[in-house]
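Trainee: model the structure of this input:
(4 chains)
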2 protein chains.
Amino acid sequence: MSQASKPRATIRDVARQAGVSIGTASRALNRTGRVSDETIALVAKAARQLGYAPDGVARSMRTRSTGVVGILVSDLSNPLYAAIITAAETAFQAAGYSLLVASTHNRQAKERSLIDIFRGRRVDGLILGACETESADMLSRLAEDIPVVALDRDFGPDCAGVHVDHYNGALKATQYLLNLGHRRIALFTPGAHLRPGRERIAGFRDAYTQMGLTPGSDLVRMERSAMEFAFSEALALLSSAPTAEAPSPTAFICLGTRIMTGVLQAIRHSGRSIPDDVSMVGVGDSDISLLVSPNITTLTWNLGAVGTAAAELLLKQLDAAAPRPAPERVLITTELMLRDSCAPLRAQATKPHRHKNQETQ
Amino acid sequence: MSQASKPRATIRDVARQAGVSIGTASRALNRTGRVSDETIALVAKAARQLGYAPDGVARSMRTRSTGVVGILVSDLSNPLYAAIITAAETAFQAAGYSLLVASTHNRQAKERSLIDIFRGRRVDGLILGACETESADMLSRLAEDIPVVALDRDFGPDCAGVHVDHYNGALKATQYLLNLGHRRIALFTPGAHLRPGRERIAGFRDAYTQMGLTPGSDLVRMERSAMEFAFSEALALLSSAPTAEAPSPTAFICLGTRIMTGVLQAIRHSGRSIPDDVSMVGVGDSDISLLVSPNITTLTWNLGAVGTAAAELLLKQLDAAAPRPAPERVLITTELMLRDSCAPLRAQATKPHRHKNQETQ
DNA sequence: CTGTTAGCGCCTTCAA
DNA sequence: TTGAAGGCGCTAACAG
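Mentor: Model prediction:
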């Protein structure tokens, strides 16, 4: 077996084989400019014979466009992002673009260096769903001349983006539980300092306020998406000896798949049962909510629509024909899927808890 | 706001600003060849002032290497692939490579065109975990001069790859159920015509054979990963009037997250309960198995290890220093995680079924 | 140690 | 309709 495989055919080879000039070969292959049908056929045949495939890098060099877009998220394996990325990739693929992905693992430094790396690779556009810092300043410095679409991030009015209506989602979920009589509701959400977290806590608080109530400030947990963290925090809330000032929550709102998983296990581990002892509103990123018994009432939105919208927003900016579209925003609405994990407070209070883990008693 | 943003600084600008030639600037920036510390500092300063960032495309043009690798899977949002890709991306990122991803959606045509597109973009390497057809021939035609790592696919001995030991996994799972007294075991697995499916069914059959038994040939379902499909197939097996020749299965082996989800719902929908009525061995791709009650006994392997191994195998081939490593294979072992979803057959036979959906009776 | 030069493969003017 | 030539930004040879 020869060590060095023979170099790939270039347009030069095709031109020679077809007996035409390089320029003509290029025009024939790309169907651009005036070329006779005869030479088109000739060039096509030569290209086929040589197994010619155009070199994307050389083309990018010339056209100043790579046909590649990048997407940055904190964790590719989070079902939320996995679903969004899948939908976006499908849309990009249909439009002839390829997708470069990277996880930032919630590291700000990594995030910045990845943006620089993507810029260096000359991606045509960028979808940003990770940034630890939301500032128009950072955005403009880092992504300058590259079209950007924000994924649930606020980079100011100049940046296009698709945003989920977390505010009304959290509002609805909280109102629902308040109307069931719950007053000690715990809110678990990732992204403390980012748009989703901000919107959710605002909706949560406003639901209380609208009823003339005040939420327990000790019951809001905003941390990055982590199962273990949610587990231990929820367990702490449930297993601490209830005091008059800070009794255990009677309901949980868990707005992240990982977080929901952790809290679910904590509830089970503490010997409580849903919805008899505690109520729960989860999140519909995965189909976990349909598998546990009882099925979990979730706040759900269309992840595919998020990905598709992000791709389309970016494609619109990439369209060289249009001059320069005004930064557009898409709002994705949320829906409260009522299932069996929430019950009126009254019913819960009557039942005593059976603790599975005896050693903590 | 000016319509055209000013063009990015090139190495030419840096050279002029630093008062050196572009060759020297290049050497100074890349720390290659002999350059005085003085000029290095000079060039670095100029680069900083101009906000210079090297153009990856131009560099790729010259060096014949893009620093980009591609990965092809059937569905990016499948937790199995999401986990593998995340691990691989992390490894690639650490090595300075970027990752191009695409879903083939189980379409052979798409698969081939995507390989061509990736080749056109001149990826340095390819991880193939999708291919509908496993043949050394197809591989060599399509991926010719690009290093390839197979992901649970058989492209012949010349192709490096990481492979999961599905054979022994299925063997263990089946033996376990057979030892519990089950004889009518249904096997659900995606990828009928691919390595995982082949290995699994071989292990399944051998477990029977080793005990002098024959598996029910009507109980093997090998289709692509789809929840709805698994649901209806499982329901059909469970709800058809049991006959002497083909009674309903008493145990299910579900080797795909989606499939497991569908079968779980079918079992519940048919009014059966686990493990009293039917036993189940699932798959550990997600943490679903820990959330449903009872917890599901699963066949599990380290998805992160698969992704990392694939990346490392490819990186080894990409290392220009080494001559050309012999095609290497990594075998990932599986583990049967015993939980609460399997019971001896005896206990199951005694309980009559309660059917939820009365209309089918 | 540094400057000059020649392309990498392609597209796109400009002439013919 | 076609051919010739220039250059995208960079690196790697070769001179000095």
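Trainee: list the contacts of the residue nearest the centre of chain A.
Mentor: For chain A, the residue nearest the mean C-alpha position is A:Y81 (3.8 Å; C-alpha atoms, centre = their mean). Listed by C-beta atoms under 8 Å, 6 or more residues apart in numbering or on different chains, the contact partners of A:Y81 are A:73-75, A:129. To be clear about C-beta, it is placed using only N, CA and C from the backbone, and glycine gets the same treatment.
Trainee: ok, now A:H163?
Mentor: Listed by C-beta under 8 Å, 6+ apart, the contact set of A:H163 reads A:150, A:152, A:195, A:329-332.
Trainee: now for those residues: which two are most distant?
Mentor: Across those, the longest distance by C-beta to C-beta is 14.0 Å; it joins A:R195 and A:V330.
Trainee: higher neighbour count, these two?
Mentor: A:R195 (20 against 17; other C-beta atoms under 10 Å in any protein chain shown).
Trainee: buried residues, the host helix or strand of A:A305. List them.
Mentor: In the assignment (DSSP states H and E), A:A305 maps to helix A:303-318. For helix A:303-318, a neighbour-count test (16 or more other C-beta atoms under 10 Å in any protein chain shown) marks A:303-315, A:317-318 as buried.
Trainee: is that helix anywhere near chain B?
Mentor: No - counting by C-beta under 8 Å from any C-beta of the partner chain, chain B is not contacted by helix A:303-318; separation bottoms out at 8.7 Å.
Trainee: assign A:A91 to helix, strand or coil.
Mentor: Assigned with DSSP: H, G, I helix; E, B strand; the rest coil, A:A91 falls in the helix class.
Trainee: find the nearest non-adjacent residue to it, please.
Mentor: Once flanking residues are discounted, A:A91 sits nearest to A:A311: 3.6 Å by C-beta to C-beta, 6 or more residues apart in numbering or on different chains.
Trainee: what does A:P327 give?
Mentor: Distances taken as C-beta to C-beta, 6+ apart put A:A160 closest to A:P327, at 4.4 Å, once the chain neighbours are dropped.
Trainee: with A:P294 instead?
Mentor: With C-beta to C-beta, 6+ apart as the criterion, A:P294 has its nearest non-adjacent residue at 3.5 Å, and that residue is A:D340.
Trainee: got the residues of the stretch 251-361 of chain A near chain B?
Mentor: A:261, A:264-265, A:268, A:286-288, A:290-293, A:323-324.
Trainee: and if we set it to 7 Å?
Mentor: Contact residues (C-beta under 7 Å from any C-beta of the partner chain) of the stretch 251-361 of chain A with chain B: A:261, A:264, A:287-288, A:291-293, A:324.
Trainee: buried ones among these?
Mentor: Among those, those scoring as buried are A:261, A:264, A:287-288, A:291-292 (criterion: 16+ other C-beta under 10 Å).
Trainee: returning to that earlier point: residues in contact with the helix holding A:A305?
Mentor: Residues external to helix A:303-318 that are found in contact with it (C-beta atoms under 7 Å, 6 or more residues apart in numbering or on different chains): A:69, A:80, A:83-88, A:91-92, A:95, A:124-125, A:127, A:147, A:149, A:151, A:160, A:162, A:164, A:285, A:325, A:328, A:330, A:332.
Trainee: that one: how far from the chain's middle?
Mentor: Here helix A:303-318 is found 12 Å from its chain centre; the criterion is C-alpha atoms, centre = their mean, to the nearest Å.
Trainee: tell me how far the strand or helix carrying A:Y81 lies from the chain's centre.
Mentor: A:Y81 belongs to helix A:79-94 when assigned by DSSP H and E. Relative to its parent chain, helix A:79-94 has a centroid offset of 9 Å by C-alpha atoms, centre = their mean.
Trainee: show the subsequent helix or strand relative to it.
Mentor: Next helix or strand after helix A:79-94 toward the C-terminus (DSSP H and E): strand A:98-103.
Trainee: on that earlier part again, buried residues in the helix holding A:Y81, which are they?
Mentor: Applying a neighbour-count criterion of 16+ other C-beta under 10 Å, one finds A:79-93 buried in helix A:79-94.
Trainee: just say helix, strand or coil for A:S140.
Mentor: Secondary structure for A:S140, judged by three-state DSSP, is helix.
Trainee: which parts of chain A sit against DNA strand D?
Mentor: When proximity is defined as C-beta under 7 Å from any atom of the strand, chain A approaches DNA strand D at A:19-24, A:27-28, A:33-36, A:38-39, A:61-62.
Trainee: of those, list those near chain B.
Mentor: A:M61.
Trainee: if you rank the residues of chain A next to DNA strand D by neighbours, which is first?
Mentor: Among the residues of chain A next to DNA strand D, A:A28 has the most neighbours (other C-beta under 10 Å), with 27 neighbours.
Trainee: leaving out the residues flanking it, which one is nearest to that residue?
Mentor: A:V43 (3.8 Å).
Trainee: A:R27 against A:V35, yeah?
Mentor: Yes - using C-beta atoms under 7 Å, A:R27 is in contact with A:V35, at 5.0 Å.
Trainee: you'd agree A:A173 is in a helix?
Mentor: Yes - using three-state DSSP, the assignment for A:A173 is a helix.
Trainee: pretty sure it contacts A:L336?
Mentor: Yes - contact criterion C-beta under 7 Å: A:A173 and A:L336 qualify, at 6.0 Å.
Trainee: between the two, tell me which one has more neighbours.
Mentor: Comparing A:A173 with A:L336 by neighbour count (other C-beta under 10 Å), the higher total belongs to A:A173, at 28 against 18.
Trainee: and that one, how far from B:H166?
Mentor: Distance of A:A173 to B:H166, computed by C-beta to C-beta, to the nearest Å: 42 Å.
Trainee: do the same with A:A82
Mentor: Computed as C-beta to C-beta, the A:A82 to B:H166 distance reads 23 Å.
Trainee: re the thing from before, angle of the helix holding A:A305 against helix A:79-94?
Mentor: Note on geometry: by axes from the mean of the first three to the mean of the last three C-alpha atoms, to 10 degrees, helix A:303-318 and helix A:79-94 are set 40 degrees apart in direction.
Trainee: I'd like the next helix or strand past helix A:303-318.
Mentor: strand A:329-332.
Trainee: hmm, back to that, quick one: which of the residues of chain A next to DNA strand D is nearest to A:N106?
Mentor: A:M61 (35.3 Å).
Trainee: so the closest one, which of the three states?
Mentor: Here A:M61 takes the helix state, with states given by three-state DSSP.
Trainee: could you check how far it is from A:I288?
Mentor: Distance of A:M61 to A:I288, computed by C-beta to C-beta: 47 Å.
Trainee: give me every residue that touches A:D206.
Mentor: A:L171.
Trainee: what number of residues lie near the residue nearest to A:P294?
Mentor: 13.
Trainee: ok, the one 5 residues further on next?
Mentor: Around A:L345 there are 16 other residues, counting by other C-beta under 10 Å.
Trainee: which non-adjacent residue is nearest it?
Mentor: Leaving aside its chain neighbours, A:L345 sits nearest to A:G181 (3.4 Å; criterion: C-beta to C-beta, 6+ apart).
Trainee: repeat for A:L72
Mentor: Here the residue nearest A:L72, using C-beta to C-beta, 6+ apart, is A:A130, at 4.6 Å.
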